[in-house]
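Q: got a structure for you, letters missing:
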């Protein structure tokens with residue numbers, strides 16, 4: 001530690017200057033907005049750390065007890081001693097739990113650069129004090145009002161003397177000493193108790209109603225006797241006509257010295273609601289993982305030839321979402337989740353054509369080729385890191401517009417952090433334990449109280465709580481959890497250690513100071529950190545580990561089905577892809593579950609024939625893949641449909657029907673159902689219709705016929721499904737919650753640059769002309785600059801320069817000139833820690849460094 005650290009810092013910049021590199025790195029890691037862009041020196045870093053936006057962001061990341069500590073400092077004298085802060089947090093009775101937890105909270109505030117100074121002179125940064133201190137417009141969360149000094153600032157001296165005298169104190173010569181005497185009375189426990197002992201019962205009742213806040217009340221122009229008793233003794237002070245306030249010192253006496261009604265030094269425990277065997281949890285989660293893969297495949301297969309249209313504003317229409325939900329046999333919110341999951345994984349996107357529609361991307365075909373466990377790991381990793389929030393679908397945005405699935409407005413930057421934190425809390429439970437949802441929500445509110453703050457009286461409806469509830473339900477759907485407990489593959493996905501390790505509870509196992517007497521350096525006061533989200537490289541390793549754990553639990557694909565006499569086939573498990581694809585064409589899915597039931601119908605058999613298969617192909621396929629003999633009714637069905645298939649031929653005239661059997665054409669013309677087709681005979685074996693061939697094919701099939709389409713040459717057209725794909729698309733990028741945390745390389749480079757810039761700003765230097773104000777660049781003539789540079793080259797001394805770059809940004813630097821020629825100076829730049837070349841015309845001035 002530098003020698004400066006042994007003297008009390010006079011500013012936040014000096015406190016930061018006394019920190020070592022590890023402590024600065026912890027600050028920049030926890031508050032990455034401070035490093036965007038990299039500050040030029042520690043003074044600029046301290047200034048940026050005190051800006052309103054940065055302080056608000058830092059306060060939002062505090063847990064409840066650390067925030068309560070900051071709120072207590074905001075109502076304490078500035079500066080305050082540790083003992084004063086301890087009294088405000090633990091009260092006169094001295095809560096031991098609060099006393100043990102306070103050093104950790106104070107360490108957190110120091111690390112976040114929200115508090116600075118030694119234990120005898122603790123200071124909350126000015127912006128934080130302004131945000132947290134009580135005022136009539138913004139009451140303090142502590143419920144405390146202004147001090148006696150603040151409340152009497154506009155009161156006449158005569159009135160102040162009357163209050164002092166009525167309170168039993170001797171009169172003074174001026175208002176300042178009178179206010180000090182009154183403050184001393186209210187902060188003296190014994191004298192204050194004696195004063196209140198003589199208060200009327202009604203007066204004590206008024207104080208009890210105001211003591212925990214809000215501290216303001218209304219009085220009439222002629223107050224009642226018990227209110228007059230309080231006003232005459234300064235126990236209530238007027239702030240405006242008809243409004244009185246309970247002074248802070250009086251409230252603290254009535255509270256027993258506590259700033260908070262209920263300090264919360266310890267996080268609420270996450271309580272298990274049920275416990276299951278680990279094997280049961282993993283098996284259940286694996287079953288859900290298999291269902292998730294099947295559902296995503298079914299969704300993409302349904303959209304294979306071009307999915308629903310994209311709304312003008314983006315997203316799926318309500319009608320298309322309902323249709324998708326029916327196709328997947330799930331509710332609409334669940335259908336929105338699966339569509340958003342596929343979108344987040346980069347498997348579907350808009351095709352970008354004039355008639356814009358959703359379709360599978362080329363990445364979907366690559367995804368299908370992966371082993372099932374790896375496919376699941378990719379989906380789960382995409383869900384864990386996505387900022388897209390399917391739970392918002394159907395809600396309203398700030399402009400009262402409906403939020404659509406796959407549409408804009410669904411990104412919530414807090415979503416990945418909440419998902420990761422919820423699963424981390426599950427990982428801290430014993431293996432197989434399913435948490436009580438309410439205890440998870442309570443823990444999250446404790447960890448981020450400002451982000452879970454009450455809105456419009458509906459605390460349970462705050463965004464973080466909803467994100468947590470959605471995380472628990474979505475993790476179950478995806479197979480990250482099973483029966484509510486975190487599965488082995490879910491634990492691996494987090495990069496968490498195997499179950500049975502120590503829970504990640506704040507304060508557990510940390511070597512922290514327990515009181516102000518433990519004089520550890522500031523950088524040793526490490527508040528326990530929660531597990532951080534994984535880097536992209538770590539995510540890939542974790543996903544691979546999760547896939548390895550899941551793979552043995554997934555059922556092996558089968559190469560057979562069981563044909564039954566009622567024209568159905570039962571698949572007793574997942575089928576191999578070629579078998580599943582062919583069976584999906586030849587039959588319709590009737591039911592799903594542990595076993596999938598397919599039903600053969602004339603329409604499904606005709607679909608296979610339209611795809612180019614012959615009756616012989618279908619018989620051979622069924623005989624090869626059935627563990628039971630092909631039932632006679634199924635063989636008859638195939639032969640009957642094949643015999644009639646293609647007897648009628650439809651081509652483009654607009655459209656025509658051709659058949660060698662003119663009696664069949666007579667039958668069609670006589671059928672009343674054919675009236676809508678407006679058929680007319682062109683020849684004994686040819687009918688024409690003023691419609692397109694596709695509509696004519698559908699019309700004849702609806703009448704029970706089995707026509708086949710033919711080309712202009714008279715050949716039968718084989719109608720295979722055409723897979724529609726978008727151009728190559730990347731998965732949507734998550735919307736970050738502020739600047740991303742810097743990596744170790746950036747941190748090291750930033751700290752080196754900040755230290756060097758601080759050296760340049762604080763190095764003693766010889767005066768140049770008129771004394772310069774703080775931050776002002778030196779000014780010398782071009783001749784003086786050139787002469788000083790040339791002299792520095794000869795002596796090897798470092799100099800201090802002012803420099804303006806090509807963008808007009810001014811900075812001050814300490815350089816050691818090496819060579820001066822051609823209007824440029826080549827020098828070692830201590831600020832950038834490298835050799836650089838500076839144009840002389842951009843140097844505003846130069847000064848020699850002081851000898852010391």
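A: All right, it came through fine. No experiment lies behind these values; they were computed from the predicted model shown. Residues are numbered from 1 along each chain as shown.

Q: for residue 129, give me the pLDDT.
A: pLDDT recorded at residue 129 is 91.

Q: check contacts around it.
A: For residue 129, the contact set (C-beta atoms under 8 Å, 6 or more residues apart in numbering) comprises 73-74, 78. For glycine as for every other residue, the C-beta is placed from the backbone atoms N, C-alpha and C.

Q: again with residue 350
A: For residue 350, the contact set (C-beta under 8 Å, 6+ apart) comprises 310, 356-359, 726.

Q: out of those residues, which end up buried?
A: 310, 357-359, 726 (16 or more other C-beta atoms under 10 Å).

Q: just those residues: which are in helices?
A: Per DSSP state H, helices hold no members of the buried ones among the contacts of residue 350.

Q: any chance of those in TSV, with pLDDT and distance to residue 196 too?
A: Below are the buried ones among the contacts of residue 350 laid out as TSV (pLDDT from 0 to 100; distance: C-beta to C-beta, whole Å):
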residue	pLDDT	distance to residue 196
310	91	71
357	90	76
358	91	72
359	90	77
726	79	76
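
Q: which of the residues you listed lies closest to residue 201?
A: residue 310 (71.6 Å; C-beta to C-beta).

Q: do you know how far that closest one is from residue 301?
A: 20 Å (C-beta to C-beta, to the nearest Å).

Q: same check on residue 663?
A: Per C-beta to C-beta, residue 663 is found 41 Å from residue 301.

Q: need the contact list for residue 206.
A: Residue 206 makes contacts with 217, 226-227, 230, 236, as judged by C-beta under 8 Å, 6+ apart.

Q: any idea which of those is closest to residue 201?
A: residue 226 (7.9 Å).

Q: contact partners of the helix or strand harbouring the closest one?
A: Under the criterion of DSSP states H and E, residue 226 resides in helix 225-232. Surrounding helix 225-232, the residues in contact under the criterion C-beta under 8 Å, 6+ apart are 162-163, 166, 199-203, 206-207, 219, 223, 236-238, 244.

Q: sheet partners, orientation included, of the next helix or strand after that helix?
A: Toward the C-terminal end, the helix or strand that comes next after helix 225-232 (DSSP H and E) is strand 237-240. Looking at strand 237-240 with DSSP bridges, its partner strands are strand 243-245 (antiparallel).

Q: now the strand it pairs with: buried residues?
A: Buried positions in strand 243-245, judged by neighbour count with 16+ other C-beta under 10 Å: 244-245.

Q: same thing with stretch 106-125?
A: Buried, per 16+ other C-beta under 10 Å, within stretch 106-125: 106-119, 122-125.

Q: returning to what we had before: in strands, which of the contacts of helix 225-232 appear?
A: Within the contacts of helix 225-232, residues falling in strands by DSSP state E are 237-238, 244.

Q: in contact with the residue nearest the centre of the chain, which residues?
A: Central residue of the chain (C-alpha atoms, centre = their mean): residue 414, 2.0 Å from the mean position. By C-beta under 8 Å, 6+ apart, residue 414 lies in contact with 451, 463-464, 467, 737.

Q: let's go with 6 Å and repeat that
A: residue 737 (C-beta atoms under 6 Å, 6 or more residues apart in numbering).

Q: any idea how far residue 108 is from it?
A: Using C-beta to C-beta, residue 414 is found at 20 Å from residue 108.

Q: and the nearest residue to residue 614 once chain neighbours are set aside, how far is that from residue 737?
A: Taking C-beta to C-beta, 6 or more residues apart in numbering, and ignoring the residues beside it in sequence, residue 614 has residue 642 as its nearest neighbour in space, at 7.2 Å. Noted for residue 642: a distance of 61 Å to residue 737, by C-beta to C-beta.

Q: neighbour count: these two, which is higher?
A: Just comparing residue 642 and residue 737: by other C-beta atoms under 10 Å the higher neighbour count belongs to residue 642, 21 against 15.

Q: tell me the secondary structure of that one, please.
A: helix (DSSP: H, G, I helix; E, B strand; the rest coil).

Q: please tell me how far it sits from residue 708.
A: 11 Å.

Q: flag the shaky bits of the protein, pLDDT-wise.
A: Within the chain, the stretches with pLDDT under 70 are 1-6, 451-461, 497-533, 594, 646-653, 712-723, 760, 763-776, 831, 850-852.

Q: distance from the centroid: which residue in it tops it?
A: Taking C-alpha atoms, centre = their mean, the residue of the chain most remote from its mean C-alpha position is residue 684, at 72.0 Å.

Q: what about the closest residue to that residue other than its chain neighbours, how many residues close to it?
A: Using C-beta to C-beta, 6+ apart and skipping residues adjacent in sequence, the residue nearest residue 684 is residue 662, 4.7 Å away. Neighbour count of residue 662, defined by other C-beta under 10 Å: 13.

Q: now residue 376, nearest residue through space, not along the chain?
A: In this structure, residue 376 finds its nearest non-sequential neighbour in residue 289, 4.8 Å apart by C-beta to C-beta, 6+ apart.

Q: hmm, back to that, what comes up buried for the helix holding residue 226?
A: 226-227, 229-231.

Q: mind putting those in TSV, distance to residue 275 included?
A: Shown next, in TSV, are the buried residues of helix 225-232 (distance: C-beta to C-beta, whole Å):
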residue	distance to residue 275
226	58
227	58
229	60
230	57
231	61
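
Q: show me what the lengthiest strand in the chain is packed against.
A: Longest strand in the chain by number of residues (criterion: DSSP E): strand 810-821. With contacts taken as 3 or more C-beta pairs under 6 Å, 6 or more residues apart in numbering; DSSP states H and E, strand 810-821 sits against helix 744-762, helix 782-795, strand 799-804, strand 824-829.

Q: possible to save those as JSON lines with mean neighbour count and distance to residue 432?
A: Below are the helices and strands packed on strand 810-821 laid out as JSON lines (neighbours: other C-beta atoms under 10 Å; distance: least, C-beta to C-beta, whole Å):
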{"stretch": "helix 744-762", "mean neighbour count": "18", "distance to residue 432": "37"}
{"stretch": "helix 782-795", "mean neighbour count": "15", "distance to residue 432": "72"}
{"stretch": "strand 799-804", "mean neighbour count": "23", "distance to residue 432": "64"}
{"stretch": "strand 824-829", "mean neighbour count": "19", "distance to residue 432": "60"}
